[in-house]
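Colleague: the sequence isn't on hand, but the structure is:
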Ligand SMILES: *Cc1c(COP(=O)(O)O)cnc(C)c1O
């Protein structure tokens, strides 16, 4: 079974009976006519992996690269981390795993999401490991073995819901699931996982409760059913950075990209030693493409949501909400010009936004503008962290990174 090839526009070329995967085309550096771009610092990724590994102690690190590696571009990130010695990768979708294999990635890949359509055979053929929690998963993988498409048994990880109420076998129903498992000798449980709902909360009580339930379920599987997986894992970035729930494998996503899951204090510290060592890997930059002086009282942008309180210099950037600059940043966001922090003024529109550069002496056409990341210029040096953008946009840093849309080309930098 092979995955359907698609044209650039995403139209299927093969009959619809074959599994179809969505492979939208991301803007490439060659498409970068517009100066708006995201730069990914590969050295920062390697640095963050080292920090995370130190934090994990002897546990393995499987970097979570779902959602196009949190918007950084999964193939390039995976190649960099694989060479830097990561132990494996986790993705949400089968399609994301296929993309990594197509990019030549050989490391273990765990597919966490649990929707395999009719592509169980494809997953096995591409040497990925599925997460299972439902009888239909067991049937799907057993069918692959019975059809002679792969030798059994197929290694799987079982997901246990210990209090997140999202995916997995409820921890109180683990015995019933183990009885199902016993009917499928084509499937072998090599891993157990759970996901923590409150690892970044101030209180550690929820995590402790989830881990107690996970331990109990593990013990019941072993004693009652002889199921003894080789590895257990639970920790996301927040748990790992706190040194909790590390077990045999940790599954950090956000921390790999240099962003702390903990709220950053106004002095830009988290009070957590490992978090403060992380280096944000992504910078999003554009340039001033128009510049005008407006009189006091002049309206700026759609809906006249901003009025100049004094005679002002307003600069236009070719980046808007369709690029991932949230419309919530209207009159709330910031940008860096010549090393100085300036406000986003007026409504962020689809393709553009305006900034107030009145207090930036020398601001000119084609000046670089940073909306995420660091900038050093004649007027100073400053950084805009994903957490700061998230707060201004009333969301979380995970969303800030994954919103950077596919029309923004990614450039990879080895500083
Ligand atoms: C996204 C995800 C992770 C990684 O979470 P971060 O907070 O980004 O570290 C780990 N495990 C599962 C199941 C996930 O869905």
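Modeller: Received the coordinates, thanks. In this text the structure is predicted, and so the values were computed from the model without any measurement.
Colleague: burial of whatever residue of the stretch 1-150 of the chain ends up closest to the ligand, as a residue count?
Modeller: Taking C-beta to the nearest ligand atom, the ligand has its nearest neighbour within the stretch 1-150 of the chain at residue 64, 4.1 Å off. Just so you know, the C-beta spots here come from the backbone N, C-alpha and C atoms, and that holds for glycine as well. When neighbours are defined as other C-beta atoms under 10 Å, residue 64 has 23 of them.
Colleague: where does the prediction get shaky in this protein?
Modeller: 1-25, 264-271 (pLDDT under 70).
Colleague: name the residues that touch the longest strand along it?
Modeller: As assigned by DSSP state E, the longest strand anywhere in the chain is strand 368-377. The contact list for strand 368-377 (C-beta atoms under 8 Å, 6 or more residues apart in numbering) reads 39, 280, 282-288, 315, 317, 319, 325, 333, 335-340, 355, 381-384, 386, 389, 400, 404.
Colleague: right, and the helix or strand after it?
Modeller: Sequence-wise, the next helix or strand downstream of strand 368-377 (DSSP states H and E) is strand 380-384.
Colleague: how far does that following strand sit from the chain's center?
Modeller: With C-alpha atoms, centre = their mean, to the nearest Å as the basis, strand 380-384 stands 24 Å off its chain's centre.
Colleague: please point out which parts of that strand sit buried.
Modeller: Under the neighbour-count criterion of 16 or more other C-beta atoms under 10 Å, strand 380-384 has 383-384 buried.
Colleague: sheet-wise, list the partners of it with their directions.
Modeller: strand 368-377 (antiparallel) (DSSP bridges).
Colleague: and residue 37, how many residues sit next to it?
Modeller: When neighbours are defined as other C-beta under 10 Å, residue 37 has 18 of them.
Colleague: would you confirm that it contacts residue 412?
Modeller: No. With contact defined as C-beta atoms under 8 Å, residue 37 does not reach residue 412; the gap is 11.0 Å.
Colleague: right, and the ligand sits closest to which residue of the stretch 251-400 of the chain?
Modeller: For the stretch 251-400 of the chain, C-beta to the nearest ligand atom, closest residue to the ligand: residue 253, 2.7 Å.
Colleague: for the top helix by length along the chain, name the packing helices and strands.
Modeller: Secondary structure of the chain read by DSSP state H shows that its longest helix is helix 205-225. When contacts are defined as 3 or more C-beta pairs under 8 Å, 6 or more residues apart in numbering; DSSP states H and E, helix 205-225 sits against strand 154-161, helix 174-182, strand 187-193, strand 231-235.
Colleague: would you mind listing what in this protein touches the ligand?
Modeller: With the criterion set to C-beta under 6 Å from any ligand atom, the chain comes near the ligand through 64, 66, 112, 195, 236-238, 251-254, 261.
Colleague: returning to that earlier point: just the buried residues out of the contacts of strand 368-377, in PyMOL syntax.
Modeller: In PyMOL syntax, the buried subset of those is picked out as below (16+ other C-beta under 10 Å):
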select buried, resi 39+280+282+283+284+285+286+287+288+315+317+319+325+333+335+336+337+338+339+340+355+383+384+386+389+400+404
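Colleague: the contacts of strand 368-377 in strands, which ones?
Modeller: 39, 282-287, 315, 317, 335-337, 340, 355, 381-384.
Colleague: residue 145 versus residue 59, what's the distance?
Modeller: Note on residue 59: its distance to residue 145, by C-beta to C-beta, to the nearest Å, is 31 Å.
Colleague: my error: substitute residue 175 in the last question.
Modeller: From residue 175 to residue 145 the distance is 25 Å (C-beta to C-beta).
Colleague: next: residue 160.
Modeller: Counting by C-beta to C-beta, the gap from residue 160 to residue 145 is 24 Å.
Colleague: OK, contacts around the nearest residue in space to residue 106 that is not next to it in sequence?
Modeller: Spatially, and ignoring its direct neighbours in sequence, residue 106 is nearest to residue 82 (7.2 Å; C-beta to C-beta, 6 or more residues apart in numbering). Contact partners of residue 82, counting by C-beta under 8 Å, 6+ apart, are 105-107.
Colleague: what are the ranges of the helices in this protein?
Modeller: Under DSSP H, the chain gives helices at 42-56, 66-70, 74-83, 94-102, 120-125, 135-146, 174-182, 205-225, 237-242, 386-392, 397-403.
Colleague: okay, those helices in JSON lines with distance to residue 302 next?
Modeller: Formatted as JSON lines, those follow (distance: least, C-beta to C-beta, whole Å):
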{"stretch": "helix 42-56", "distance to residue 302": "36"}
{"stretch": "helix 66-70", "distance to residue 302": "29"}
{"stretch": "helix 74-83", "distance to residue 302": "35"}
{"stretch": "helix 94-102", "distance to residue 302": "36"}
{"stretch": "helix 120-125", "distance to residue 302": "46"}
{"stretch": "helix 135-146", "distance to residue 302": "48"}
{"stretch": "helix 174-182", "distance to residue 302": "53"}
{"stretch": "helix 205-225", "distance to residue 302": "42"}
{"stretch": "helix 237-242", "distance to residue 302": "37"}
{"stretch": "helix 386-392", "distance to residue 302": "19"}
{"stretch": "helix 397-403", "distance to residue 302": "20"}
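Colleague: many thanks, I have nothing further to ask.
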